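S.K.: Generate a structure from the sequence data that follows.
(2 chains)
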Amino acid sequence: MTPRRLAAFAALAMGLAVFWNGARHSPLFSQAERDRRAWLTEWVRGDVRDMAQEAQLAEAYWTRYHDVASHPLYGRTSRLGVLGAREHYNQHGRKEGRIWG
Amino acid sequence: MWFRWLSASLLVVALATAALWDRAAGRRYNLLIISTESWRAESLTPQLTPAVLAAAERGRVYAGHRAVSAWTIPNVVALLTGVSPFEQGIHRRGDQLAASRNVPLKELARDGWLVAGLQSFMTITEFGNLGLSLSPGEELTPWLARRALDGRPFVLWHHYLGTHLPYAPDPPYRPDWKALLPPGDLAAVQRLETVMTKPVIPAGSVPFQPSDAAAITALHNGAYRQFDTWFADLWRFLDRSGLRDNTIVLLTADHGDEHLEHGRVGHASTNHDGHLHEEVVRVPLILWLPPSHPLSASAQGVETAPTDHLMVMPALARLVRGEAPPPGSLFSPPADRPWLAVTSRGGFQTAEDDHTFLAAAVLNGWKAMQTWRDGKVVDQALYDLTADPGEHRPIPGAHPLHDVLARALPALTPSNAAAAPTGIVAEAPRWVWPAASGTMSYDQLGGRVRLEWSGPPAARHRIEYEAGEGDSRFSGHMDVDGTVKDFGAVDRKYWETFVVPYGKIRLRVGAGGQWSQWLDMRVTP
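M.R.: Prediction:
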């Protein structure tokens, strides 16, 4: 194996090792991480008395404000799910004069 | 051949970039600042705070820490900004930090941190201009759980209120306080019942006796034990949620509290005759860095060098970025710099025409005090803290620390009262909720305190309030943009502990010089 190939192989191996080190802690590969996120979601839901009503309010908020509905942090497909709409309202919407629900 | 080289190179570059990006993102740590109300340094014991001490084995304990004032607001402002109470311009109700001042929390908010406070009382004027984004009434751990899920870096200030006067821990934590009083002393029982029911006890209003001190201390200790249980739950949550892996936690107190050591109970805002003796200024401070932090190995053990609230935020503002704190902050406290503190006499309750201040300095075991009135030194004292840690035997004569204090007097920034709203409105506001004077109970409110009035939605309004009667009476104002003041969810204990004892509250709202009718509300459980 030539020195150039050896160097390329080493660099590639190091890059892969670093990448794998990060990936194995992601929800994609880590059961512990998936469990942690599920527990957190349950914890958050415990704060919302009526999830069905919360979902209705969130949908109304997203329908009224399309920019929020498509927002990566607060939108329909965000990690916060139904709670993203209320989170947006609490953090930004109230100050911006938006209407909740 | 060239294609394979190009592919391999691109892959390496992509992976390295991803790794570096991840590493850079990992350098943004969360920060949770917990200030505990009226928490005395010597109460950090295995008997009273076992959970805090157990957690402290993984953090750094600052055994020589002091607050820098005798009431909550200047101390919290010092903690959150690093600005000295000599420079804050906050001496009484209605004062706030100048809006033009650039403070670390504003910088962190600009750099992407969510800088928040969740408690309703944080919406008062006096906590303005600190860089906090307030979500009043949100619960602490669900909010933290959301941050753990969305991954957005945050700075959160939480203030534990249950250790403030009245000293009324829940039954499981309540001591047999009557057994600590002289047998059959019904007057002593009445005095202690005041301590268990009143958030404010002006000096001289209750004829306390030295024999009351043990029961007062025991009741406050019960409140500390209850705090420890709360902290244990929070610590378990931080561990379970994974937030301990990327969150810096700082636990301290706003100030201590007096248990009759110098004839009073409480601190400046509660006894209206504050001072800076050790029981009021010596407070615990513990810092935890997450294991992944580059400086986590340095944040272990006990630091005995003197530290104070001013050293906190300069250190934290660097630590959240994964950087070393600057010299002179928590990680390298200077040995030769005197500790300086100042307080108005009545703290939050200081009258507009009271220009009396108490200042103190400590260096190498000596403590100097001065009383300033209308810009002049009117009294001073000196204590040897080694021989007289309780500060009961003032030493005659002057000390160089008195000169240090006298030089600080001209630099004391005058009150920076929040400016009254300006502008023109067509008509005086009218109350929408409550619509008329009457009774306000917790159940009527449904656990949420909200005021609403008529007027231009974009106008800034001022609410003036008066609460209580006699010695407990106080008044103030708060400014609101719009026509709703939403204090958010308020729990029943807060309502019954800090609102109901005042009995009645008067409110009016105005804009452009036009005022609503006064609302006279009787507050009941």
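S.K.: Now residue A:69: closest residue in space, sequence neighbours ignored.
M.R.: Setting aside the residues directly before and after it, residue A:69 is nearest to residue A:62 in space (C-beta to C-beta, 6 or more residues apart in numbering or on different chains), at 3.7 Å. Just so you know, the C-beta spots here come from the backbone N, C-alpha and C atoms, and that holds for glycine as well.
S.K.: er, residue B:112 actually
M.R.: Spatial nearest neighbour of residue B:112, excluding adjacent residues (C-beta to C-beta, 6+ apart): residue B:153 at 6.4 Å.
S.K.: what number of residues lie near the one you found?
M.R.: By other C-beta atoms under 10 Å in any protein chain shown, 21 other residues sit near residue B:153.
S.K.: what's the pLDDT at it?
M.R.: Residue B:153 is assigned 97 on the pLDDT scale.
S.K.: just to revisit the earlier point, would you confirm that the residue nearest to residue A:69 belongs to a helix?
M.R.: Yes - checked against DSSP: H, G, I helix; E, B strand; the rest coil, residue A:62 lies within a helix.
S.K.: Do I have it right that it meets residue A:68?
M.R.: Yes - counting by C-beta atoms under 8 Å, residue A:62 does reach residue A:68; the two are 6.0 Å apart.
S.K.: Close to chain B: what parts of chain A are there?
M.R.: Along chain A, the residues adjacent to chain B under the rule C-beta under 8 Å from any C-beta of the partner chain are A:8, A:11-12, A:15-16, A:18-19, A:22, A:36-37, A:39-41, A:43-44, A:46-47, A:73, A:78-80, A:83, A:87, A:90-91, A:97.
S.K.: make it 6 Å
M.R.: Applying C-beta under 6 Å from any C-beta of the partner chain, we find that chain A lies next to chain B at A:8, A:11-12, A:15, A:18-19, A:22, A:36, A:40, A:43-44, A:47, A:73, A:79-80, A:90.
S.K.: quick one: least confident of those?
M.R.: In terms of pLDDT, the weakest of these is residue A:47, which scores 61.
S.K.: ok, now how distant is residue B:166 from residue B:281?
M.R.: For residue B:166, the distance to residue B:281 equals 22 Å [C-beta to C-beta, to the nearest Å].
S.K.: thinking again about what came up before, between residue A:62 and residue A:68, which is the more surrounded one?
M.R.: Applying other C-beta under 10 Å to residue A:62 and residue A:68 shows that residue A:68 carries more neighbours, namely 24 against 21.
S.K.: sec struct for that one, please.
M.R.: Under three-state DSSP, residue A:68 comes out as helix.
S.K.: Test my guess that the residue nearest to residue B:112 contacts residue B:28.
M.R.: Yes - between residue B:153 and residue B:28 there is a contact under C-beta atoms under 6 Å: 4.4 Å.
S.K.: Excluding chain neighbours, give the residue nearest to residue B:360 in space.
M.R.: Nearest in space to residue B:360, with sequence neighbours left out and distances taken as C-beta to C-beta, 6+ apart, is residue B:276 at 4.0 Å.
S.K.: what's the burial count for the nearest residue to residue B:71 once chain neighbours are set aside?
M.R.: What sits nearest to residue B:71 in space, not counting adjacent residues and going by C-beta to C-beta, 6+ apart, is residue B:347, at 3.0 Å. Residue B:347: 27 surrounding residues under other C-beta under 10 Å.
S.K.: Could you give the backbone dihedrals for residue B:347?
M.R.: Main-chain torsions, residue B:347, degrees, to the nearest 10: phi 50, psi -130.
S.K.: cool, and residue B:101?
M.R.: Reported as degrees, to the nearest 10, the phi and psi values for residue B:101 are phi -70, psi 130.
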